[in-house]
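Participant: okay, here's the prediction I keep looking at, along with the sequence it came from:
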Amino acid sequence: MTILTVILVLVSIGAISGSVISGKPLVGFILGSLLTALLVWVSGIFHFLGGIAGLLVYRLVCEVGIFGVSCGNASWDVIYAISSLIGTLIVLCWIVGSFVLDEIKFDVNANLTVNIENKKLYPGDDVTVRVDVDSREDFYFRRGVLKLVSWETIYTAKGPIELALWSSEKRFGHSTHLTGRQAHSEEITISLPKSWETNFSGANWGVRVTLNVPGAKDIHGGQKLDVLLDGMPMGA
């Protein structure tokens, strides 16, 4: 009964916290209660496994006679309690540590340069993009993403806002390792859409490149380009 009371209290605290943090009472309450219940359930499993593991290890130690430990005067309930507490602490530290490591991002000492062969293009043309990465330390990027994007800028009381109109992407450089002062270059070709898809008033065009580096901040670069229609830049 005591265990159920503790679980209900923890889930209630998680539900209330979810409501307050999210600003959406019902959604936050449901998500908070579910996530807290999941955390309690996972902790309970490791609580039990930790206790059983502690009992088995102590039994093995006393049977072998290491350190002069005897099974005759062993307090098994105390051993189980201590071991289960250790198991719970391990899983909680692992969960918190994983969350903290995901939030902490470090800078990578590398330069990303993006060049476009021809910055004046027509609808339907291929855009050839050269991506150069110059590293000054060892690092690894999981993948690179090249996006060809069209957007317009809307000015509001809170400042300018970019509104996406069209986008297409290609991935490159999967699992690339670079050592200190090593350069990496790639040429990627991506196609502009046809004219009827690009006739947006006030549209801007450009390419944006992102290198995804695990455990570090993503590296970004880009270039603007002109998409011409009947000899006039789009949006003119």
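Facilitator: That came through, no problem.

Participant: C-alpha from now on. contacts and neighbour counts both.
Facilitator: Fine.

Participant: how is the protein partitioned into domains?
Facilitator: Domains of the chain are assigned by automatic domain parsing as 2-103, 110-233.

Participant: can you flag the weakest of the ones you listed by average pLDDT?
Facilitator: Comparing mean pLDDT across the domains of the chain, the weakest is domain 2-103, with a mean of 63.

Participant: report the strands that pair with the helix or strand that residue 167 is a member of, each with its relative direction.
Facilitator: Here residue 167 sits within strand 159-172, counting by DSSP states H and E. Note on strand 159-172: by DSSP bridges, its sheet partners are strand 143-156 (antiparallel).

Participant: and the contacts of the strand it pairs with?
Facilitator: Strand 143-156 is contacted by residues 160-176, 190, 192, 202-213 when judged by C-alpha atoms under 8 Å, 6 or more residues apart in numbering.

Participant: please apply the same query to stretch 216-233.
Facilitator: Here stretch 216-233 makes contact (C-alpha under 8 Å, 6+ apart) with 104-108, 112-116, 119-123, 195, 204-213, 234.

Participant: in the protein, which spans are strands?
Facilitator: In the chain, the strands defined using DSSP state E lie at 110-116, 120-121, 126-135, 139-141, 143-156, 159-172, 176-178, 183-191, 204-212, 219-229, 232-233.

Participant: winner for burial among these?
Facilitator: Mean neighbours per residue, mean count of other C-alpha atoms under 10 Å, is largest over these for strand 204-212, with a mean of 20.

Participant: so which other helices or strands are in contact with that one?
Facilitator: Packing partners of strand 204-212 (3 or more C-alpha pairs under 8 Å, 6 or more residues apart in numbering; DSSP states H and E): strand 143-156, strand 219-229.

Participant: format those as a markdown table; extra columns: distance to residue 52.
Facilitator: Shown next, in a markdown table, are the helices and strands packed on strand 204-212 (distance: least, C-alpha to C-alpha, whole Å):
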| stretch | distance to residue 52 |
| --- | --- |
| strand 143-156 | 43 |
| strand 219-229 | 47 |
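
Participant: closest one to residue 185 among the ones you listed?
Facilitator: strand 143-156 (11.6 Å; C-alpha to C-alpha).

Participant: CA atoms of that closest one as CSV?
Facilitator: Extracted C-alpha coordinates of strand 143-156, given in CSV (Å, rounded to 0.1, in the frame of the first residue of the first chain):
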residue,chain,number,x,y,z
ARG,A,143,25.5,13.3,-42.4
GLY,A,144,25.3,16.5,-44.4
VAL,A,145,22.0,17.9,-45.6
LEU,A,146,21.8,20.2,-48.6
LYS,A,147,18.5,22.1,-48.9
LEU,A,148,17.3,24.1,-51.9
VAL,A,149,14.8,26.5,-50.5
SER,A,150,12.5,29.3,-51.5
TRP,A,151,11.1,31.7,-48.9
GLU,A,152,9.6,35.1,-48.4
THR,A,153,10.2,37.6,-45.6
ILE,A,154,7.2,38.9,-43.8
TYR,A,155,7.6,42.0,-41.5
THR,A,156,5.6,42.0,-38.3
